[in-house]
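Participant: Return atomic coordinates for the entry below.
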Amino acid sequence: MVLNGENMGNKHADNDNKWGKMAQNEEGLPENEETLHTSASDNPAIDYASRDELEAQLNATEAKYNETVNKLQYLQAEFDNLRKRGERDISNAYKYGPEKLINELLLIVDSLEKSLEIMANEPHDPVTLREGVALTHKLLMNALEKFAVKQVNPVGEAFNPTWHEAMTMQESADAKPGTVLAVLQKGYTLHDRLLRPALVMVAK
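Facilitator: As a prediction, this is how the structure comes out:
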């Protein structure tokens, strides 16, 4: 096929346009501004206000955490102190719990010692001896009452197996059957607890 002069000129012109575009691309000139340039919205700047706000929230959370830890440590120390104080109080209660009772008993000891001294230095006087023993007994009963110890002396009462222990039974024309005729040994209670039952004689 033979090309005429016009066709050959057009072909050379097309080649020149292609080489020109390639040269522009090599020089860094944009081939298409829309494709090579991006808008500012596609690469937003850092929001420093939001960053400061986040840092402030982080600092506030850290401060609250430290405050909570300090409170927990304080409560732990208080709990340890209370536990140690409780253990000490329990130990002291075992050691010194009877202190008040002992102080009351010391008064009885003083009374007995005084009675022994009188009996040693003076002639035996049954009346004086009886009065001394009666006074000592009264001091002892008063001391027991201060500590909620009561005497169980059920003479003339109905027999109660909860508080009494029947040692013997006896016929009686003056008492109903089941009545306590005599107390062989008195019983005692502490508050509402029976320390020992009264040993009694019961009517048949």
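Participant: Confirm that residue 160 sits in a helix.
Facilitator: No. Residue 160 sits outside any helix when classified using DSSP: H, G, I helix; E, B strand; the rest coil, being coil.
Participant: ok, it touching residue 178?
Facilitator: No. Counting by Cβ atoms under 8 Å, residue 160 does not reach residue 178; the two are 9.7 Å apart. (Each C-beta comes from the backbone N, C-alpha and C, glycine too.)
Participant: report the longest helix in this protein, please.
Facilitator: helix 48-96 (DSSP state H).
Participant: In this structure, which residue is most central in space?
Facilitator: Centrality entry for the chain: nearest residue to the mean C-alpha point is residue 79, 7.9 Å, by Cα atoms, centre = their mean.
Participant: separation between residue 152 and residue 81?
Facilitator: Separation of residue 152 from residue 81 (Cβ to Cβ, to the nearest Å) stands at 45 Å.
Participant: who's more crowded, those two?
Facilitator: residue 152 (20 against 10; other Cβ atoms under 10 Å).
Participant: So that one is in contact with residue 186, correct?
Facilitator: Yes. Shown here, residue 152 and residue 186 form a contact pair, counting by Cβ under 8 Å, at 6.1 Å.
Participant: For the stretch of helix or strand residue 144 belongs to, name the packing helices and strands.
Facilitator: Following DSSP states H and E, one finds residue 144 within helix 126-146. Helix 126-146 sits against helix 99-121, strand 149-152, with contacts defined as 3 or more Cβ pairs under 8 Å, 6 or more residues apart in numbering; DSSP states H and E.
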